[in-house]
Structure formats: structure tokens, C-alpha cells
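# quick one: sequence and predicted model below, then my questions.
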There are 2 protein chains.
Amino acid sequence: MLIDEGLELLGDDECAQLLAAGQVGRVGITIAGLPVILPVNYAYFDGDVIFRTGEGSKLHAASSRAVIAFEVDGFDADHHAGWSVLAIGRSSTVDDPIERAQLEQQHVAPWAGGARDAYVRMHPEMLTGRRIAGTG
Amino acid sequence: MLIDEGLELLGDDECAQLLAAGQVGRVGITIAGLPVILPVNYAYFDGDVIFRTGEGSKLHAASSRAVIAFEVDGFDADHHAGWSVLAIGRSSTVDDPIERAQLEQQHVAPWAGGARDAYVRMHPEMLTGRRIAGTG
């Protein structure tokens, strides 16, 4: 077991499984020079993180072509246990109609109201995961 | 009710209440030029977000004096409902012994193993919250 600063490190396969099982993650991005974390519902498809934004939204502008962080986690407050997976990579908006049609099969309908017609796709260049075993 | 990109905006009081009620949040920060999101357990004390890190850790180095994002959220996947609160502000490590003794009363013992003796304190300069009402 690999340990990083007191946390168990997860392997690539486990990170990918946790990403595939999640529904809500958080995008870390810079908007107007400030760090911002915004939750999104997402899909994990073909090794990439896919989420939707509104054309003209702050998130859309910031993730059109940028290096972004994407995080999913789960915690058990009673046992002080939990895990997190962090993916970092370059995001891009999906303009190609064939690719877009493929992503529409992934059912990443946004939970929020408002127009969110743009797809953002991020291929993780770095994928890391950590676990706190907790107090049992 | 104020709406931002399809999401209901929360007022300052509600944001503060949600921060005060939470146990785990996520720090958004730049490490080696890359955006990173790391979960931490925290306390909300006197209007500030307090969490602990290890001296010499990546998070400690990055949050010694930086503008960081801090996010808490809660989601109900069955109803596609949820909320999030985002605080942005300058972080600093707590070196003053009197202030440190005061923070030790706040019981932000880290869940993770390993030495996490440093306190980081962030005063939110920007505090915003959003809610998705969901499908009921």
C-alpha cells in the first residue's frame, strides 16, 4: 500500500472505477484570475470526463480550452473515512457533430435548469486517488 | 428568488449556515502551475474557514499565502437536487500562539493520519451559494 501524507494512494484502475460510478463531481478552474470550484453532474466515457455547460456561461468560457481539475469524493463522517479522486487535464468544448451525437448517448442531462447545450470533454493527463481508512 | 444560469442563488446568511454545518469541504488551489482540488475536514469559526495541513505538505506550501477557493456541497441524486457554497479568499498559516490556541478549541482534528500540525485560515472575500431545486 502506497501512502502519501498519511493517505492511502489508489491505483489507476480504482480511480477509473470511482470516476465511472460517480454522478456529481467538481470542476476546479480559474475565472477572472480567481480559483473557483463548481459542482457538475457528469459522465465518464471512454476515459474522459464529460459535462455540460451553457453557451456563454462562466464555466463554458473558462473550460473552452484550459487545464482544469476535476474531483469526485465520498465521505463517511461517522467513521472519519473517505476517498477522493482527482483528474487534471486539458478541457475542450465539443464542436464536431458526430462526437457530439456520441456524447448525447451518455445521458449527461444537467440537473440544473437553464440552457446547458455545450459539451465539455476533459481527458485526464494526471489521475490520482486517495483514501482515509477511518476509525472503523 | 435570484437565478444565476438556472440555479437559485443563496443569500449570505444561508451560505454561512451551510458552511457552519459542514464537516468536509474542498480546497481549490494551484500547485506547480496546475489547478488542484483537495478535500479537507474543516471548521467555520468567526467567519473564517479553518483547516489543518502538514508542515512541508503540498497543500501547506500552496496555502501559506495564496488566494484559494473553498467549496462545500450536498446532493440528492435521486431527485437531481443539491446545493453548493463557494468561498474565495486569501489564506494564511496561523503562526501566532494565542490565535493557534484559540483554533485548537475548534476541534478540527484531521481525519487523515500523518502529521497535520499547521493551521490554515481563510477569510472569505467572496461568498456565493447556489441551489438546484430538483424534480421533487
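That came through fine. Treat the numbers as computed from the prediction; the structure is a model and nothing was measured.
# those strands in chain A, which residues are they?
Assigned by DSSP state E, chain A shows strands spanning A:3-4, A:7-10, A:24-31, A:34-45, A:48-53, A:65-76, A:81-93, A:118-132.
# B:S84: which of those is closest?
strand A:34-45 (4.9 Å; Cβ to Cβ). For every residue, glycine as well, the C-beta is placed using N, CA and C.
# where does chain A dip in pLDDT?
By pLDDT under 70, the low-scoring segments of chain A are A:1, A:113, A:135-136.
# select the longest helix from it.
helix A:12-21 (DSSP state H).
# nearest to B:Q106, of the strands of chain A?
Per Cβ to Cβ, nearest to B:Q106 of these: strand A:65-76, 19.0 Å.
# buried sites along the closest one?
A:66-73, A:75 (16 or more other Cβ atoms under 10 Å in any protein chain shown).
# out of the residues you listed, which are close to chain B?
Here is what survives when the buried residues of strand A:65-76 are matched to chain B using Cβ under 8 Å from any Cβ of the partner chain: A:67-71, A:73, A:75.
# quick revisit: out of the strands of chain A, nearest to B:R130?
The closest of the strands of chain A to B:R130 is strand A:34-45. By Cβ to Cβ, the value is 8.6 Å.
# on that earlier part again, what sits up against the longest helix of chain A?
For helix A:12-21, contacts defined as Cβ atoms under 8 Å, 6 or more residues apart in numbering or on different chains pick out A:10, A:25, A:44, A:47, A:49, A:72, A:74, A:83, A:85, A:87, A:127-129.
# the same query, at a cut-off of 6 Å, please.
Where contact means Cβ atoms under 6 Å, 6 or more residues apart in numbering or on different chains, the residues beyond helix A:12-21 that reach it are A:44, A:85, A:127, A:129.
# so who does the residue positioned nearest the centre of chain A touch?
Nearest residue to the geometric centre of chain A (Cα atoms, centre = their mean): A:F70, 3.5 Å. Shown in contact with A:F70 (Cβ under 6 Å, 6+ apart): A:25, A:27, A:49, A:87.
# for those, which one is nearest A:I3?
A:A87 (21.1 Å).
# okay, now A:R130: neighbour count?
23 (other Cβ atoms under 10 Å in any protein chain shown).
# quick one: name the residues of chain A near chain B.
Contacts of chain A with chain B, taken as Cβ under 6 Å from any Cβ of the partner chain, map to A:5-7, A:23-24, A:26, A:28, A:34-37, A:39, A:54, A:57, A:69, A:71, A:73, A:75, A:77, A:80, A:84, A:88, A:111-114, A:132.
# can you put the ones next to chain B among the buried residues of strand A:65-76 in a markdown table and add distance to B:D96?
Below are those laid out as a markdown table (distance: Cβ to Cβ, whole Å):
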| residue | distance to B:D96 |
| --- | --- |
| A:V67 | 36 |
| A:I68 | 36 |
| A:A69 | 32 |
| A:F70 | 36 |
| A:E71 | 32 |
| A:D73 | 32 |
| A:F75 | 31 |
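# isn't A:H79 up against A:G134?
Yes: counting by Cβ atoms under 6 Å, A:H79 touches A:G134, with 4.1 Å between them.
# distance check, A:V24 against B:W111.
Relative to B:W111, A:V24 is positioned 21 Å away (Cβ to Cβ, to the nearest Å).
# neighbour count: these two, which is higher?
B:W111 (23 against 19).
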